[in-house]
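> Dropping a prediction and its sequence here:
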Amino acid sequence: MIYIRYNFLITVSLLLTLHYGCQNKDIKQPDIKTENTKKADSVEIKVNIKDTVFFLSDRGHPVKIQVIAPTVKPIATLIILHGWKLPPMELCDKTSICKKALDRGYILIIPDMGKSIYSSKFFKETRKDWQIYPDFNFFKDSIIISIQKRFSLLLPGQNNFIYGISTGGKGAIITALNLPKIFKGSASLSGDYDQTKIPNDKIYSGFYGPISKYYERWKNYDNIGTRIKEFNVPVYIGHGRLDIVVPVSQSIEFYDSLTKYNPGLIKTLHIDKTASHNYTYWGSEVENILNFFDRLIDK
C-alpha cells in the first residue's frame, strides 16, 4: 500500500543536466517481439519533492492528482493511468508497479480519470453522466501543464514515461501520440486502438452514439488506427490472449500497423497466451514494462 501525505502547498526545485548519447542494443526475450531497442538521451534529475495530492477543477468537478516521490535518487517521471471507472490507486494496491517503480527512482503521477475515454470532445449523444469526467483536452491542457508549472516535471527533454491499463492504456497511447516531445516511452496493456473494429462496444456507443449512425465519428475521433502514421514514441504493447473484454487483435493489429508505417520505431509486443483482462495479468507485466522504460534512459 502506498501512503500519501496530503500537502497542498509545496515548494519544488529541479535542476536538470542533459547528457546526450545513444547505443544500439539487441534484446531477446521469450514470447516477446522487440524491435529497434536502444538507449535514449540520458537525463539526470535532481529534485526536492514530497508526496502530495492536489485537485483541479474540470467544469466545476474536482479531479484528484497524486504525486508520489521515490526515496532514492529520481531518474524519471511516470504517469500511471487506471482502467475505466477503476480506482486510480488500485494498480498500486494489486500489482507491484508502484513499489518497483519507486524503488528504481521513478516519480509517479496518478490522476483520477474516472470514466474518461480520453476523448477529444463530447457530443450531444454522449451520456450526460459521463461528461463529468475529464476528456483528453483537460488531461493535456490542465493536468500536464499544472504538473509542469508546480513541479517542473513532464518537461520536454526529461525522462518522461506514460503507462496505462485497458482504457488507461489507450489514454497512454493517445497522450504519446499527441505529445511526442514530452514522452520518451509509453506502455499499454489490454488496450484498444481502433474502435471501429469493436462496433458493439457499449462505452464507445455511450460517447459517440451508435456506429451505425456515426461511423465517421468513430473513425475520425480518438482513433489510433486512423493516425497510425503519426505515432512516433517507443511503445510496449501487452495483451492477454484470453481477454474477453478487449480483443487481443487490437494489440496485434496496432503493433503490425506500427511495423508497417514506422519500421524504425522502438516497440515491443508481448501476447500472454494464458492471461485475461485482470490484475493478475497486469501484475505479471511489471518487470517487462519497467525494463523497457529503463532501456530508454541512461542512469
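Looks like it came in fine.

> who's in contact with residue 67?
Taking C-beta atoms under 8 Å, 6 or more residues apart in numbering, we find residue 67 in contact with 49, 51-54, 107-110, 147, 151. C-beta coordinates here come from the backbone N, C-alpha and C atoms, glycine included.

> Among the residues you listed, which ones are in strands?
If you go by DSSP state E, the contacts of residue 67 have 52-54, 107-110 in strands.

> Helices of this protein, start to end?
In the chain, the helices defined using DSSP state H lie at 90-94, 97-104, 136-138, 145-151, 167-178, 202-208, 215-220, 249-261, 279-284, 286-294.

> And the longest one, what's buried?
Judged by neighbour count (16 or more other C-beta atoms under 10 Å), helix 249-261 contains these buried residues: 250-251, 253-255, 257-258.

> Does that helix pack against any helices or strands, and if so which?
If you count contacts as 3 or more C-beta pairs under 8 Å, 6 or more residues apart in numbering; DSSP states H and E, helix 249-261 packs onto strand 235-240, strand 267-272.

> do the same with the first one
Contact analysis of helix 90-94 by 3+ C-beta pairs under 8 Å, 6+ apart lists helix 97-104, helix 279-284 as its packing neighbours.

> Need the contact partners of the last one.
The set of residues external to helix 279-284 that reach it, using C-beta under 8 Å, 6+ apart, is 90-91, 94-97, 165, 189-190, 240, 272, 275.

> Could you give the average pLDDT over that helix?
On average, the pLDDT along helix 279-284 is 98.

> and it, how far from the chain's centre?
Centroid displacement of helix 279-284 relative to its chain, using C-alpha atoms, centre = their mean, to the nearest Å, is 16 Å.

> What of the first one?
Taking C-alpha atoms, centre = their mean, one finds the center of helix 97-104 at 16 Å from the center of the full chain.

> could you say what helices and strands that helix packs with?
In terms of contacts (3+ C-beta pairs under 8 Å, 6+ apart), helix 97-104 is packed against strand 76-81, helix 90-94, strand 106-111, helix 286-294.

> residues of that helix that come out buried?
Using 16+ other C-beta under 10 Å as the test for burial, helix 97-104 gives 97-98, 101-102, 104.

> Just put the residues you listed in CSV and tack on distance to residue 138.
Below are the buried residues of helix 97-104 laid out as CSV (distance: C-beta to C-beta, whole Å):
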residue, distance to residue 138
97, 24
98, 24
101, 25
102, 27
104, 30
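
> Mind picking the one among the residues you listed that's closest to residue 136?
Nearest to residue 136 among the buried residues of helix 97-104: residue 97, at 22.6 Å, using C-beta to C-beta.

> Hmm, the closest one is touching residue 286, no?
Yes - under the criterion of C-beta atoms under 8 Å, residue 97 makes contact with residue 286 at 4.9 Å.
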